[in-house]
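task: produce atomic coordinates for the following.
(one chain, ligands or ions: 2)
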Amino acid sequence: MDRIQKLEKEINNLRKALQEKESELFEMKRNWMPVHPNNNLNQEDAAQLQQHNLKNVTKVYYGDKLPKWAIERYSRQILLPDIGVQGQEKLCAAKVLVVGAGGLGCPASVYLAGAGVGEIGIVDYDSVDLTNIHRQILHTERDQNTSKAESAADTLRSINSHIKITPYTVQLDSNNALGIASRYDVILDCSDNVPTRYLLNDVCAIAKKPLISGSALKMEGQLTVYGYRADRNHNEKDLSHQGPCYRCVFPNPPPAEAVGSCSANGVAGPVPGVIGALQALEAIKLIVGQTHEKLLVGRLLIFDGEDVTFRTVKLRPRNSQCAACSESPTITRLVDYEAFCKAQAKEKDLDLQILSPEYRITASQLEEQLKKLILEVDSNQKERHLLVDVRSEAEFNMCRIDGAVNYPIDQFRGDKVDEILRMVNDKNQVTFVCRRGNDSQIAAKMVIDLIDEEHKGNVKDLVGGLHAWSDSVDRDFPIY
Ligand SMILES: Nc1ncnc2c1ncn2[C@@H]1O[C@H](COP(=O)(O)OP(=O)(O)OP(=O)(O)O)[C@@H](O)[C@H]1O
Ligand SMILES: [Zn+2]
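Ligands and ions are numbered 1, 2, ... in the order given. I've put the predicted structure just below:
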């Protein structure tokens with residue numbers, strides 16, 4: 001801390017000295033210009049030369065410390081008493097890392113670049129997909145299948161050429177996170193998974209950086225500032241103000257099945273837009289030196305886009321025994337966060353193998369069976385094969401195989417289970433289908449475990465789900 005203050009003082013003194021020298025040079029040039037009585041110029045030419053020379057004297061600083069271009073460029077925010085010239089200077093010197101160039105990271109980094117944050121790092125291992133573009137506003141149709149970090153960096157550079165943008169096309173993990181994060185002053189968590197949240201929390205606790213954490217799903221978004229310390233904030237005199245970290249509030253990860261994702265549950269584009277913009281606002285406030293009362297420290301903001309309300313709830317205070325942020329933390333280096341959370345940080349096609357081969361059919365086999373049934377429709381055989389789609393109703397409404405019926409997987413645990421078992425007993429074959437072939441196996445397994453031995457053979461599962469159907473049977477079937 002002493003070292004930081006010392007360096008800041010030194011930089012301020014150098015700036016002041018530079019300013020004085022520039023003013024001195026300006027005056028000198030101006031005084032040197034007047035026409036010497038002995039030269040050959042007439043009055044008029046001399047006056048013109050003086051005007052010309054005056055115009056060409058470079059005067060960099062017009063106000064306190066900011067150059068002309070910065071005053072012009074950032075004037076609308078410099079006018080705010082909360083920012084002012086000093087705040088703008090801090091913004092120009094600040095370095096912010098944005099983790100995730102998705103729904104939150106795009107709007108957040110747009111506002112940070114616009115505000116003139118001197119250096120922005122943006123991390124994302126993934127590439128742009130058509131399904132991202134409704135909310136990930138830095139990417140366009142042209143960027144499909146290119147790196148999100150690079151695409152985001154290109155757009156940010158076109159927004160502000162005065163700042164440094166560094167894309168990192170990597171998955172942030174225990175090996176690289178500290179190295180990358182320690183180059184920045186503030187970290188924004190714009191990721192979408194629990195292992196990355198714990199990883200970033202521990203990185204920030206170890207490297208002593210504030211973490212501005214956002215999330216958005218369906219019509220709801222959340223936002224808070226973790227790991228705030230008054231002594232990192234030059235305006236905050238009372239050093240006792242210390243906010244909780246993510247582990248103070250959530251010492252243990254939630255069960256993996258309780259965590260939703262945009263790809264499974266959907267999200268309205270403007271919802272991450274709102275939260276990402278507010279993450280940038282909190283970062284700007286933090287950088288210019290707002291105190292803890294004005295920041296979302298120890299409070300969680302909840303935005304409900306359905307009834308358009310914002311409310312804040314108080315979070316648990318900082319835990320003096322916290323494994324990550326207490327005075328004697330037990331987490332002193334990064335761990336395996338996927339193992340700790342029993343969840344993946346990267347969304348992959350899981351390819352579960354729950355059922356043995358006799359219960360599984362391929363998309364081409366299913367196609368053959370369905371064709372045969374249509375031929376046999378006159379002999380009333382069609383009724384004997386049932387295709388059960390276990391995706392949500394919204395997904396089922398979006399696209400489905402002709403003739404399928406919808407029993408969302410949640411219903412397999414509820415009162416629908418008897419109805420489902422009765423159906424299986426009544427048919428020659430019941431084939432379970434879902435998007436990628438994982439949930440359908442879970443559903444089929446539940447049924448196999450519950451029905452009597454003689455009917456177990458009626459149960460089948462479509463390997464690879466509708467993705468496989470689209471790949472090998474119907475290329476026009478939408479993949480989402
Ligand atoms: N550990 C990580 N390192 C780097 N990038 C990450 C990490 N974890 C998540 N991300 C990135 O954060 C972004 C989060 O974006 P968003 O929540 O909008 O979801 P998405 O994965 O782009 O979309 P969808 O869930 O619809 O497929 C993603 O681009 C993802 O690749
Ligand atoms: Zn903590």
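
hey, let's count contacts and neighbours off CA atoms from now on
Fine.

can you pull out the strands in the chain?
Assigned strands in the chain, in chain order: 95-99, 119-123, 164-168, 186-189, 211-217, 220-226, 299-304, 309-314, 360-361, 385-389, 405-406, 429-433, 459-462 (criterion: DSSP state E).

relative to ligand 2, which of the ones you listed is closest?
Closest to ligand 2 of the strands of the chain is strand 220-226 (C-alpha to the ion; 8.5 Å).

next, see if that closest one gets close to ligand 2.
No: using C-alpha under 5 Å from the ion, strand 220-226 stays clear of ligand 2, with a minimum separation of 8.5 Å.

for the closest residue to residue 243 other than its chain neighbours, grab the count of nearby residues.
Of all residues not flanking residue 243 in the chain, residue 228 sits nearest, at 4.9 Å (C-alpha to C-alpha, 6 or more residues apart in numbering). Neighbourhood size, residue 228 [other C-alpha atoms under 10 Å]: 28.

okay, residue 228: pLDDT?
Looking at residue 228, its pLDDT is 95.

so it sits against residue 297, correct?
Yes: assessed by C-alpha atoms under 8 Å, residue 228 is found in contact with residue 297 at 6.8 Å.

return every residue with contacts to both of those two.
243-244 (C-alpha atoms under 8 Å, 6 or more residues apart in numbering).

which residues of this structure lie near ligand 1?
99-103, 123-126, 132, 170-173, 191-192, 196, 261-263, 345 (C-alpha under 6 Å from any ligand atom).

for the residue nearest to the spatial centre of the chain, give me its contacts.
In the chain, the residue lying closest to the centroid (C-alpha atoms, centre = their mean) is residue 190, at 2.3 Å. Applying C-alpha under 8 Å, 6+ apart, we find residue 190 in contact with 98-105, 213-215, 276.

switch the cut-off to 6 Å
Neighbouring residues of residue 190 by C-alpha atoms under 6 Å, 6 or more residues apart in numbering: 99-100, 104-105, 214.

next one: residue 253
residue 341.

distance between the ends of stretch 206-214?
20 Å (C-alpha to C-alpha, to the nearest Å).

hmm, I was thinking of stretch 164-182
Start-to-end, stretch 164-182 (C-alpha to C-alpha) is 16 Å.

just the buried residues of the residues of the chain next to ligand 1.
99-103, 123-126, 132, 171-173, 191-192, 196, 345 (16 or more other C-alpha atoms under 10 Å).

from ligand 1, how far out is the residue nearest to residue 243?
22 Å (C-alpha to the nearest ligand atom, to the nearest Å).

was I right to think residue 186 contacts residue 212?
No: applying C-alpha atoms under 6 Å as the test, residue 186 and residue 212 come out as separate, 7.7 Å apart.

which of those two has more neighbours?
Using other C-alpha under 10 Å as the criterion, residue 186 and residue 212 rank with residue 212 on top: 26 against 23.

what pLDDT does the residue of the stretch 51-200 of the chain found nearest ligand 2 get?
Closest residue of the stretch 51-200 of the chain to ligand 2, C-alpha to the ion: residue 198 (10.8 Å). As predicted, residue 198 sits at a pLDDT of 98.

just give me the neighbour total for the closest residue to it other than its chain neighbours.
Closest residue to residue 198 apart from its sequence neighbours, by C-alpha to C-alpha, 6+ apart: residue 337 at 6.8 Å. Using other C-alpha under 10 Å, the number of residues around residue 337 comes to 20.

returning to that earlier point: which ones among the buried ones among the residues of the chain next to ligand 1 are found in helices?
Taking DSSP state H, the ones among these that sit in helices are residue 196.

what's the least confident helix or strand in this structure, going by average pLDDT?
helix 43-55 (a mean of 65; mean pLDDT, DSSP states H and E).

surely residue 108 is in contact with residue 275?
No: Residue 108 lies out of contact with residue 275 (C-alpha under 6 Å); the separation is 8.1 Å.

flag the shaky bits of the chain, pLDDT-wise.
Counting by pLDDT under 70, the ranges of the chain that qualify are 1, 22-23, 26-42, 46, 49-64, 232-235, 237, 348-350, 374-383.

residue 80: how many residues sit nearby?
11.

and for residue 17?
12.

residues contacting it?
Contacts of residue 17 (C-alpha under 6 Å, 6+ apart): none.

what's the spacing between it and residue 66?
14 Å.

cool, and residue 459?
Taken as C-alpha to C-alpha, the span from residue 459 to residue 66 is 73 Å.

and what of residue 452?
When residue 452 is compared with residue 66 (using C-alpha to C-alpha), they lie 80 Å apart.

higher neighbour count, those two?
Counted by other C-alpha under 10 Å, residue 452 and residue 66 do not tie: residue 66 has more neighbours, with 17 against 12.

distance between the longest helix along the chain and the chain's centre?
For the chain, the helix with the greatest residue count under DSSP H is helix 2-32. Per C-alpha atoms, centre = their mean, to the nearest Å, the displacement of helix 2-32 from the mean C-alpha position of its chain is 40 Å.

ditto for stretch 276-292
17 Å.

what does stretch 84-93 give?
The answer for stretch 84-93 is 25 Å, by C-alpha atoms, centre = their mean.

again with stretch 362-377
Distance, centroid of stretch 362-377 to centroid of chain: 43 Å (C-alpha atoms, centre = their mean).

what does stretch 437-444 give?
30 Å.
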